[in-house]
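J.: Quick check, what structure comes out for this input:
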Amino acid sequence: MKKINKQKKQGVQPKTKSEKKRQKIAKIAKEKKLEEVKKEVLVAVKKIRVKKKEIQKKEAKAKADYVFKIDDSVRLEDGKAVGTIDSIEKNIATVNYGLFITKVNIKQLELVKSSK
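T.: The predicted structure follows:
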């Protein structure tokens, strides 16, 4: 009983030299194929990363170029609550979140919806 359990855990062991050789060749072929796939994936990942960086640069530039206006819907960069801009003085915007009003630097805001 113990020998059967050990064989199940270890897998089927080859009995002859030719079976061992075939098994070894199959294992090497499998490893080579795996290495090829890894190389292909790395190339694809690098291309995707380059595209993402380009998109992030475009978004950052568009965000930096936008001039906030009164009644724009905005939120803080790290927040979820959306408010509207009541007034802008220098680089400080007064944002109304409904129940409370806060003064925030314009650089910390992100646009949700522009006023028309």
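J.: Kindly state the pLDDT recorded for residue 46?
T.: According to the predicted model, the pLDDT of residue 46 comes to 95.
J.: Going by secondary structure, it is in what exactly?
T.: Per DSSP states H and E: residue 46 is located in helix 17-65.
J.: I'd like the distance from the lengthiest strand in the chain to the chain centre, please.
T.: With DSSP state E applied, the strand covering the greatest number of residues in the chain is identified as strand 83-89. Per C-alpha atoms, centre = their mean, to the nearest Å, the displacement of strand 83-89 from the mean C-alpha position of its chain is 32 Å.
J.: For residue 33, see how far away residue 26 is.
T.: Relative to residue 33, residue 26 is positioned 11 Å away (C-beta to C-beta, to the nearest Å). To be clear about C-beta, it is placed using only N, CA and C from the backbone, and glycine gets the same treatment.
J.: swap that for residue 22, please
T.: Applying C-beta to C-beta to residue 22 and residue 33 gives a distance of 16 Å.
J.: burial count for residue 95?
T.: One way to gauge burial is a neighbour count; for residue 95, by other C-beta atoms under 10 Å, it gives 25.
J.: who touches it in this structure?
T.: 74, 83, 84, 85, 86, 101, 102, 103, 104, 109 (C-beta atoms under 8 Å, 6 or more residues apart in numbering).
J.: just the buried members of the residues you listed?
T.: 74, 83, 84, 85, 104, 109 (16 or more other C-beta atoms under 10 Å).
J.: I figured the third one was touching residue 71, is that so?
T.: Yes - because the distance of 5.6 Å satisfies C-beta atoms under 8 Å, residue 84 is recorded as touching residue 71.
J.: average pLDDT across the longest strand of the chain?
T.: Taken as a whole, strand 83-89 has an average pLDDT of 93.
J.: so what does that strand touch, helix or strand wise?
T.: In this structure, strand 83-89 makes packing contacts with strand 73-76, strand 92-96, judged by 3 or more C-beta pairs under 8 Å, 6 or more residues apart in numbering; DSSP states H and E.
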